[in-house]
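**Student:** Sharing a model prediction with you, sequence too.
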Amino acid sequence: MDKVRIVIVDDSPFLISLLRNILTEHGFQVVGIAGTREEVIKVVEETRPTLVTMDMTMPGTDGFECTREVHKIDPDIKVIMISSMLDDEIVREAKENKISACIQKPVEPDELFSTIKRVLDTEELYRFLKEDSFVMFKEAMVNGFGKMVKAPLTFREDFINTKEFKSKGLTVIIGIIGKFSGRLLIDLSKETAVNIVSELSNKEAPDKEDVMIAIAELVNVVAGNACSYVNMKEKSLGLRISPPTVLFGESVHVSAPDYKTHAVIAETKFGELLLDVGFTRGEERWT
Amino acid sequence: MDVKHVNPFIESFMSVMPQLGFSSVKKGELSVKTQELNNSGVIIIVGIVGQIRGNVAYAISMSNAKKIASTMMMGMPVDELNDMAQSALSELTNMLTANAATCFAAINVTLDISTPTLLYGEDIVAKMSSNQVLCIQLFADDIPIDINIAFEK
């Protein structure tokens, strides 16, 4: 992880030089320094660092205000706050301001290094879960469907879901909980559900209860397998799933969460199913 | 499923709602539902894992959901359940469930929660994961909110 580009925000030349030495010794590249709100905006705008170390107290401003300025420029820039005072109240405010971690002064080189490493690793894990894991959910759906219903399944093109949609009739929701949390949702029409369950149970006309239980189980298998694949790839995500909830109705709208989700339509001989999976870092554990 | 598992949700409601601008909170009836839940309006599902595994479904009628969203948004009129109102309600259930999780921790039950999923419509039938669902009705400024709790044990 060398050549990570860092901006130091501090008003004390002594601390700047100290931090610069620690960071450079650990293979990071210090691309800028700033000591006022105006300098923070200018330097971050110009250098677009990966990470900023943020002093808490500065003349005419504070670390929270400057963090908000950094995130106005690029919300993906990670901020690590360095403060002589650290209590629950400051930690709470730091979280509210999307600060990734806090370190208490005096700065220990090892602690600074391991904190930066943890923040960057977490970022990579989140990116993996958000962007790359969807393929595993699709794989689990193909496998689950293949094993349980013994029918092939083909996907249309993936898309990003940001809007609410009207359910086709039956929606199954499973909460996903781990280092980051989210949810999986599969939506299908009543006819598709009945077709699938007829095949599964060898019954011409399964009753409503059977349909709900069987579809819930199918979705449970898909979500469980998918999260196992993801955990195998990235153990520290530690994903676990809540039991399925099945909802149905003629005019049920499923609202878009506050984060984007990956979605795809699966085509089967029984009809279409929508797979929709998303994660957010809202509930992320801090340490 | 244990009736004492309802208390953290009541405690959470009593502490969170006043912070969001509701001046009175009170407890209503506790009931056990064995069948599917049938609701019109807004239903928000939050998943739970940990020492307890299950789901919580918050159910509010459409007109009451708008009133709650409006109070949360400092009295801004909410004529339709737009993105902002949906987001406010999702956040509300996130806060209520997260606070309940903190109350569970106080009785040595650790659990984690998923993100909420909000659905709305007429005659929504929900089948939750356990055969028994505990339903506690709670009121904020006399607006009823049903909290349906389905835990696996």
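**Tutor:** Everything's here; your move. All of these numbers come straight from a predicted model, not from anything done at the bench.
**Student:** Mind splitting chain A into its structural domains?
**Tutor:** Domain assignment for chain A, taken from automatic domain parsing, gives A:5-125, A:133-280.
**Student:** Columns distance to chain B and mean neighbour count on top of these, output as TSV?
**Tutor:** Every residue, glycine included, has its C-beta placed from N, CA and C. As requested, the domains of chain A are exported to TSV (distance: least, C-beta to the nearest C-beta, whole Å; neighbours: other C-beta atoms under 10 Å in any protein chain shown):
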stretch	distance to chain B	mean neighbour count
domain A:5-125	13	17
domain A:133-280	2	19
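**Student:** Apart from its chain neighbours, what residue comes closest to residue B:127?
**Tutor:** Closest residue to residue B:127 in three dimensions, ignoring its sequence neighbours and counting by C-beta to C-beta, 6 or more residues apart in numbering or on different chains: residue A:246, at 4.4 Å.
**Student:** Could I get the contacting residues of the one you found?
**Tutor:** A:170-172, A:212, A:215-216, B:126-127 (C-beta atoms under 8 Å, 6 or more residues apart in numbering or on different chains).
**Student:** give me phi/psi at it?
**Tutor:** Per-residue torsions, residue A:246: phi -110, psi 130 (degrees, to the nearest 10).
**Student:** Nearest to residue A:152 among the contacts of residue A:246?
**Tutor:** For these, the residue nearest residue A:152 by C-beta to C-beta is residue A:215; the value is 18.6 Å.
**Student:** how far out from the middle of the chain is the helix or strand encompassing that closest one?
**Tutor:** Of the helices and strands defined by DSSP states H and E, residue A:215 is found in helix A:208-233. What separates the centre of helix A:208-233 from the centre of its chain is 21 Å, taken as C-alpha atoms, centre = their mean, to the nearest Å.
**Student:** Can you tell me the closest non-neighbouring residue to the closest residue to chain A within chain B?
**Tutor:** Of chain B, the residue with the smallest distance to chain A, taken as C-beta to the nearest C-beta, is residue B:47 at 1.8 Å. Ranked by C-beta to C-beta, 6+ apart and with sequence neighbours excluded, the top spatial neighbour of residue B:47 is residue A:175, at 1.8 Å.
**Student:** go on, residue B:71?
**Tutor:** Nearest-residue entry for residue B:71: residue B:21, 5.0 Å, with adjacent residues in sequence omitted and distances by C-beta to C-beta, 6+ apart.
**Student:** How about residue B:99?
**Tutor:** Per C-beta to C-beta, 6+ apart, closest to residue B:99 is residue B:12, 3.7 Å.
**Student:** need the contact list for the one you found.
**Tutor:** The contact partners of residue B:12, by C-beta under 8 Å, 6+ apart, come to B:96-97, B:99-100, B:102-103.
**Student:** can we see that at 7 Å?
**Tutor:** Remark: with contacts taken as C-beta atoms under 7 Å, 6 or more residues apart in numbering or on different chains, residue B:12 is in contact with B:96, B:99-100, B:103.
**Student:** That one: helix or strand, and which one exactly?
**Tutor:** With the criterion set as DSSP H and E, the secondary-structure element containing residue B:12 is helix B:7-19.
**Student:** which ones are touching the residue of chain B closest to chain A?
**Tutor:** For residue B:47, the contacting residues are A:174-175, A:177, A:183, A:242, B:55, B:113-114, by C-beta under 7 Å, 6+ apart.
**Student:** go again using 8 Å as the cut-off
**Tutor:** Counting by C-beta under 8 Å, 6+ apart, residue B:47 has contacts A:173-177, A:183, A:241-243, B:54-55, B:113-114.
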